[in-house]
Structure formats: C-alpha cells, structure tokens
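Undergrad: sharing a model prediction with you, sequence too.
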Amino acid sequence: MRGELLKGHLDLLLLAAVQSGPAHGYVIIEELRSRSGGTFDLPEGTVYPALHRLEHAGLLASKWSGDTGRRRRVYELTRQGRAALEAQEQDWRVFSQGINAVLQGAQGL
Amino acid sequence: MSDAIDAYLAQLRQMLEVSPRTKKRILWEVEDHLSEAAAREERRGLSVEAAQRAAIARFGPPQLVAQSFEAEAIEHRKRLSSQAFFLALAEFAVLCILLALLTLYLDTQMQPAAGLNEVAVSPTVLTISYYVALLCALLLFLEAVSLFLFSFARAEGVRWHLLSLIPLGLGIWFLLLAQQIQAATQELASFSSVHAISAPYRWEQTTTQLLYTLHLLGAVAAGFTLALLFLAWLELRLKSYGESRSKADLLRLAR
C-alpha cells in the first residue's frame, strides 16, 4: 500500500494494534501486518518514531520490561489513548462507509 | 550480535541527531527489533547473514529512520517550548494580578500618621503583605523554572538560559522583602506588649510611593499579559476550528 496514503492513518492503526494489551514494537508491527493480511507492509523503522510521537502526545505509555529475559520497551494504551482510538474509529467508519457508497454507486453506473 | 546489525546500528548512531538519552533508547529498541526479526527469518530457513540482511531491508535505510526520529524530536521540542512559554506567561499574569490587588488593598488600609513622612498600617496589613510577598517569590521561582524549560526546549543556546535569571533575582528580592515585613511585625508586636496598647506600624512615605508605582506597573503588566494570553488562546481556537472544519467537510462529503 502507498506510504503517503497509509501515513495519515498510521496513528489509528497503531492505537488499534496495542488495543488488546501491552506489546513491544516488533509485535505491534507484526500485528499490523498479519491483521491487514500483508496490506500494511511499511518500512518498519518508521513505526518507532510514530510510537514515540503517540507516547509524547499522551496516547501511549511505555516502560522497560524484562519479562522475556530481554530488556524491551513495551507500549500500552493510556486512558486518553483509548478515548482517541474510539473517536478516530468512529470517524473512520463514517468516512469509509461514505467512500464505499460512492464507489459502489460509480460501479453501478 | 552480528556484523550486519552492528554496522547498521553504528550508521544509525552516527546519523541520529537527538539527545543522548533518546539516542540510547532508540538504538536499544532498534537492536531488539532487528535481532528478533533476524531470528524469525532464520527460523524460516535463511542463513544467518541473509536473515540479517532481510531484517535490515524491512527496517528501512538508516537515513530514512534517522530523519523520522529527528522530525519527531523537533516536533516534541516545539510542543514542550510552547507549553513552557504559556506556563511562564500565566504565572506572570497571576503575579501581576496579585501585586495589583495587594496595592489596591493597601491603598484603602493606609492612614496618614503623625509624622509627615509616615503612614500607619495595621498588623493585619503587615501579615497579608508578608504572605503575598512569599507567594510572589514562589511564583517568580516557578517562572524561572518555566523560562528555563522554555529555553532548554528551544535549544537555542546559553543566552536564552540567562533569561530565567531575571525572575530568579526578583524572587530573591521578594523573599528579602518578606523577611523585612516579618521583622517589622515582630517589632510592632514587642512595642504593643511593652506599652500594652495596639499600635499601627508606621511606614515611610517613600514606601507608599513605591507601592503606588508597583500598583500601576502591576496593573499595566497584568493587562498586557492577559491580552497576550487572549490572543494566544484565540489563535489556538482558530487553528483547531480550521482543523475541525476541514474534518467536518470531509465527513460531510463522505456522507
């Protein structure tokens, strides 16, 4: 999928990917890839700055974790992040329904 | 660890222009990611070297990664500096209002005294002045911290750091003032106990003039700061209005 098209929605996707529980960067990226059936296959290195940005914005919280024997930075949703995810999800649903409706209309012509 | 990942990390370390603490965290996260990705590729049957190359290729060129991190660091600093600036401005506004209120209050409380160059103030006025002076000192110290954070986040060199010395100096001056007022209160208390009468404290006329000046300056500075805060608030409102408008337009189009 084209990078610039994905970029505008990366925040929503990342928030959704950590929704199920705390996860480190690699798992978040894998989650994105597998859930999208391989559609969202972006340069993995650009996901980390986005995670840092969401953390600075207070939507994600992160801490070092050594549960697996390896010291890792683990991210999770904050309360503010959960609210932002719900709001963005709702906006996206309305938006995508509209786009789909228009596209289906165009096909029917 | 391996040569290819090592070399990639060394390149990234050289290219990243962020604070040492952030750099350390980034390198740790990248190393963890690359090792895990390479291990996964190895399990799929690739050789160690090919697995590392594949992991690095998926991660992206170091220039791109370094640029993304830098862009985020700059944005973060901008946000921090504007927050610190608003905080400093708000503290200044509170300080000015406090000084203006105090001087207005003192105006109503001061009586002409027997001596030509003196005015009389009651012990209550002294106590209130003491606490207000302490509060002003505290506000000025907070102001110094906010200004330091502002200049630190802007990262524009030492001369901006010096800016925070002004409120720091003024804060110390207010602390000394509070100490003087406390001494005056004690003097008044011992006078009252010796003579068994409650007497007002006599302030010199020059003090009153100083207070009038403070009153005027405080009111003008408060007005100015409030106007600035209002303008800043208006700008933020307009910006978010613009954003929500464009979002609403999109949503309307979608419907």
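TA: Arrived safely, thanks for sending.
Undergrad: residues from the stretch 51-200 of chain B in reach of chain A?
TA: B:58-60, B:64-65, B:68-69, B:71-72, B:75-76, B:79 (Cβ under 8 Å from any Cβ of the partner chain). Bear in mind the C-beta positions are built from the backbone N, C-alpha and C, glycine included.
Undergrad: for stretch B:147-156, buried residues please.
TA: For stretch B:147-156, burial by neighbour count (16 or more other Cβ atoms under 10 Å in any protein chain shown) applies to B:147-154.
Undergrad: chain B: strands as residue ranges?
TA: Assigned by DSSP state E, chain B shows strands spanning B:111-112, B:118-121, B:201-204.
Undergrad: returning to that earlier point: just the buried ones from the residues of the stretch 51-200 of chain B next to chain A?
TA: Neighbour counting over these (16+ other Cβ under 10 Å) leaves B:58-60, B:65, B:68-69, B:72, B:76 as the buried ones.
Undergrad: low-confidence ranges in chain A?
TA: Within chain A, the ranges that satisfy pLDDT under 70 run A:1-5, A:7, A:68, A:108-109.
Undergrad: output the longest helix belonging to it.
TA: For chain A, the helix that runs over the most residues, judged by DSSP state H, is helix A:79-108.
Undergrad: ok, residue 84 - contacts?
TA: Answering for chain A, as no chain was given. By Cβ atoms under 8 Å, 6 or more residues apart in numbering or on different chains, the residues touching A:Ala84 are A:15, A:59.
Undergrad: my question was about chain B, not that one.
TA: Contacts of B:Ala84 by Cβ under 8 Å, 6+ apart are B:146-147, B:149-150, B:153.
Undergrad: swap the cut-off to 6 Å and go again
TA: By Cβ atoms under 6 Å, 6 or more residues apart in numbering or on different chains, the contact list for B:Ala84 reads B:146, B:149-150.
Undergrad: before we move on, back to that, any chance of the buried residues of stretch B:147-156 in JSON lines, plus pLDDT?
TA: Listed next are these as JSON lines, based on pLDDT from 0 to 100:
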{"residue": "B:Leu147", "pLDDT": "84"}
{"residue": "B:Phe148", "pLDDT": "86"}
{"residue": "B:Leu149", "pLDDT": "85"}
{"residue": "B:Phe150", "pLDDT": "83"}
{"residue": "B:Ser151", "pLDDT": "80"}
{"residue": "B:Phe152", "pLDDT": "79"}
{"residue": "B:Ala153", "pLDDT": "79"}
{"residue": "B:Arg154", "pLDDT": "74"}
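Undergrad: looking at the residues you listed, which one is closest to chain A?
TA: Checking those against chain A by Cβ to the nearest Cβ gives B:Ala153 as the nearest, at 12.1 Å.
Undergrad: isn't the closest one right up against B:Ser81?
TA: Yes. Using Cβ atoms under 6 Å, B:Ala153 makes contact with B:Ser81 at a distance of 3.8 Å.
Undergrad: dead centre of chain B: give me the residue that sits there.
TA: B:Ser146 (2.3 Å; Cα atoms, centre = their mean).
Undergrad: helices along the chain, start to end?
TA: No chain in the question, so chain A it is. Here chain A has its helices, by DSSP H, at A:3-7, A:10-17, A:25-35, A:47-56, A:79-108.
Undergrad: try again with chain B
TA: B:3-15, B:20-43, B:48-59, B:62-109, B:123-154, B:158-161, B:165-195, B:205-254.
Undergrad: buried set for the fifth one?
TA: What it means is helix B:123-154. For helix B:123-154, using 16+ other Cβ under 10 Å, the buried residues are B:123, B:125-126, B:128-130, B:132-137, B:139-154.
Undergrad: what is the burial count for B:Ala221?
TA: Neighbour count for B:Ala221, taken as other Cβ atoms under 10 Å in any protein chain shown: 17.
Undergrad: please name the residues that touch the closest residue to it other than its chain neighbours.
TA: In space, and not counting its chain neighbours, B:Ala221 is closest to B:Cys96: 4.3 Å by Cβ to Cβ, 6 or more residues apart in numbering or on different chains. Applying Cβ under 6 Å, 6+ apart to B:Cys96 gives the contacts B:218, B:221-222.
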